[in-house]
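[1] what follows is a predicted protein model with its sequence.
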Amino acid sequence: MPVSRRALVAAAVCLVLPLSACGSGGDDGGSTDASGKVEGDITFQTWNLRANFKPYFEGLIADFEKKYPGTQVKWVDQPAEGYADKISADAAGGTLPDVVNVSPDLVAPLAKAGLALDLDKAAGQYKKEYLEGAWASHRIPGMTGTYAFPWYLNTGPLFYNKSLFKKAGLDPDQPPRTYDELFADALRIARNSDGEVSTLANVPTVEDFGRYGVELMNPAGTAFAFNDTKGVQLLTKYKELYDAKALDPQALTATPESSGKKFLTEAVAMNPGSALDLGNFKKQAPSLYKNIGITDQITSTGHVNMYVMGVMVNAQSKRKPAAVAFAHYVTDAAHQMSFAKQVAIFPSTAGSLDDPYFTKEDGTDETRVRVAAAKSLKNAVNYTPVLFSEQMKTALRNEVAKALQGKESPKEALDNAVKACDTLLRQQG
Amino acid sequence: MLMPSTGPRTRTVRVRRQLPTSPWLFAAPGLLVIGAFILYPFMSTLVNAFTDRRTLIPGEFVGLANFRELLHDDMFWTGLRNSALYVLGVVPALVILPLLLALLVQKNIPGITFFRSAFYTPVVASIVVVGLIWVWLLDERGLVNALLETIGVGRVGFLSDQWLLLMSAMAVTVWKGLGYYMIIYLAALANVPRELHEAAAVDGAGAVRRFFTVTVPAVRSTMALVGALSSVAAFKVFSEVYLMAGPSGGPAGEDTTLVILVQRTGTGLTGRVGYASAISVVVFVVTVALMLLVLRADRRSEV
């Protein structure tokens, strides 16, 4: 079969070229003035919510359009996978929706690029409706202003396998609460199972360092600091766990999905999750469900980690009054409360967590998880630094892996991780 | 003498008048697609490679700074090493094994259609599905390790050891590509005159001798094509390694390939588009060089 060289080179070009670049972002930050009549068509983008909450959002949008005649909200939902990529493509292409569901780490680069509206200026009158910490969660170090309305909060419980605890001679009703207790229990489980059962399936993340009491960044937010004595201490302990197989041998390449599966198959004894997982255990692993234990996240600071969702307004929206009004409508106390009754999330509005819905148990696991989570949320901290990008997460993960494999000492690994993250921080501008 | 030449000349003039528009019109849809989705992004990548552009921030011209940074970036060298190893590991297997498979299924024996379809099935299967299945099989507690444990070998860390992980990904690439290249070889083998085999057999050549003296020379160009296509695909490998080694590219990122590095560096809201473009340019140059190398080797062997 004769093949011409030109044809093959052309084929190579076709195969290789699609490593394309993105379009440009805009320089124009837009005005922060959102006063004026609430009218016009706006687009609202959510993050993987259509599949389970379609009727809720359709009702919410219909009510808003009824309250503000002349407005029309187009709802788009994006899958969880690749959400940041979708936003960056839209932002770079100038097609970012008017109102966007974001998390603090997503809003930071958008705010820096002038694409997120400063709500301290445009919607400061609503600030008092939200918990102070929640409102502050969308502030960016080095910038003034707040760049998204706080929406729902969450703090996943930690699930553990009571049967595996019992087999290792541990009290299944006394799960570890601090990192020191966790390390002791994990080593015991590994020893008693001859390395067959690991307690953890994931390497420590930046949130683990935060909950261990490590200072993650300097006070000005201009450099990372998790290579201090406490950070080195945490990584040294994890190395001990890894060597004893108390940390799963595949933890270095684990994803949340793979570690979830290991917990389901009872290969690991503890795994973080959400209240939604209970139904999953019941359906997919009935024997595990019978032995499931639920406890708070491990923390040595007394504060668990809080995940914050927000709703930002596109600073370049042509319908800012409508966009701000809708973003506030989605996140106001009444709507956050009704959304919380649809799914196990927690409102970020002031006083909502004191509602009996979040304080009274009815004896079921669901309410037990809900009440416990709402209680721990009251003094929870969002440990994920707003400026901690995906590239930084990878840099930390890779250095942690080198320390666990013994290729670098914990101190060297953390020094390198901090150096890499600082470089990436400078490159962010 | 003059009369016959007048006719054709008139026709030639008419054809020439039609030339400028018709062919271009026919080619226009294809050219538009190529222009919009291949040439424009390519030119854009080339330009970006010389800037410090980020996803949301237009960059400034930085000359060769990105390429100089590449030289000092350990992860780039890891990626280059892994992509090169992938070519070395995968290409010989994908040139030879599908040829042997094609020879096997070429025979018209009862039930052979089933085997032809079975060998081709991995080609049409989604790479994500295939990747996940192999991850389950090679897991520390997966089927393969259970079998190894049964026969007393003990568990092997296919997905936790840097080198075993890379080799496992190569095995999946070879397994998935066998059927595709087998079809190409089947087409080439159909063109090998049966008389050549018969003549060789009459001269006393056995099956192995006939393979090397009749089959291989007859499909040599196809082997070059398969070599070129599979080396390009192997150097650009992404899905298999990404699915099996995870987004971080294996333990401590040691299984990162160049295209995974492009994805990790250049995507997301804080992506370094300029730097990722510089890596893409390197991938392009190496791929074209590989292609030319294979073709030159083929041309030399023809001489």
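    Perfect, thanks for sending it. This is a predicted model, so every value here is computed, not measured.
[2] so which helix or strand takes in the residue of chain B found nearest chain A?
    Nearest residue of chain B to chain A (CB to the nearest CB) works out as residue B:41 at 3.0 Å. (Glycine included, C-beta is placed from N, CA and C.) Using DSSP states H and E, residue B:41 maps to helix B:40-48.
[3] what's downstream of that helix, the next helix or strand?
    helix B:65-71.
[4] for that following helix, name the packing helices and strands.
    Helices and strands touching helix B:65-71, as assessed by 3 or more CB pairs under 8 Å, 6 or more residues apart in numbering or on different chains; DSSP states H and E, comprise helix B:273-302.
[5] quick check: buried residues in the helix it packs on?
    Within helix B:273-302, the residues scored as buried using 16 or more other CB atoms under 10 Å in any protein chain shown are B:273-284, B:286-288, B:290-291, B:294-295, B:298.
[6] near chain A, from these?
    The residues of the buried residues of helix B:273-302 that also fall near chain A, by CB under 8 Å from any CB of the partner chain, are B:273, B:276, B:277, B:280, B:283, B:284, B:287, B:288, B:291, B:295.
[7] name the single longest helix found in chain B.
    Taking DSSP state H as the criterion, chain B has its longest helix at helix B:74-106.
[8] on the three-state scheme, residue A:54 is what?
    Secondary structure, DSSP: H, G, I helix; E, B strand; the rest coil: residue A:54 is helix.
[9] can you tell me the centre-most residue of the chain?
    I went with chain A, as the question did not name one. Residue closest to the mean C-alpha point of chain A, counted by CA atoms, centre = their mean, is residue A:307 at 5.3 Å.
[10] think we crossed wires, I meant chain B
    residue B:233 (1.8 Å).
[11] next SSE downstream of the helix or strand encompassing that residue?
    Using DSSP H and E, residue B:233 sits in helix B:220-235. Downstream of helix B:220-235, the next assigned helix or strand under DSSP H and E is helix B:239-245.
[12] hmm, back to that, any chance of the ones next to chain A among the buried residues of helix B:273-302 in a markdown table with pLDDT as columns?
    What follows is those, written out as a markdown table (pLDDT from 0 to 100):
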| residue | pLDDT |
| --- | --- |
| B:273 | 94 |
| B:276 | 96 |
| B:277 | 97 |
| B:280 | 97 |
| B:283 | 96 |
| B:284 | 95 |
| B:287 | 93 |
| B:288 | 92 |
| B:291 | 87 |
| B:295 | 81 |
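[13] so of those residues, which two are at opposite extremes in space?
    Longest distance between any two of those is 32.5 Å, between B:273 and B:295; criterion CB to CB.
[14] poorly predicted segments of the chain, please.
    I'll assume chain A. Across chain A, the ranges flagged by pLDDT under 70 are A:1-32, A:275-276.
[15] that answer is for a different chain, and I need it for chain B
    In chain B, residues with pLDDT under 70: B:1-19, B:301-303.
[16] could you chop it up by domain?
    For chain B, automatic domain parsing gives the domain ranges B:2-48, B:67-302.
[17] can you list contacts of the helix or strand where residue A:283 lies?
    Following DSSP H and E, the helix or strand that holds residue A:283 is helix A:276-284. Helix A:276-284 is contacted by residues A:159, A:260, A:264, A:288, A:289, A:292, A:343, A:344, A:365, A:366, A:369 when judged by CB atoms under 8 Å, 6 or more residues apart in numbering or on different chains.
[18] excluding chain neighbours, what is closest to the second one?
    Okay, so that is residue A:260. residue A:271 (6.3 Å; CB to CB, 6 or more residues apart in numbering or on different chains).
[19] burial of that neighbour, as a residue count?
    Residues near residue A:271, counting by other CB atoms under 10 Å in any protein chain shown, number 22.
[20] could you pull up phi and psi at residue A:341?
    phi -80, psi -10 (degrees, to the nearest 10).
[21] whoops, I mixed them up, residue A:138
    When read as degrees, to the nearest 10, the backbone of residue A:138 gives phi -110, psi 30.
[22] for stretch A:215-231, buried residues please.
    A:216, A:217, A:221, A:224, A:226, A:227, A:231.
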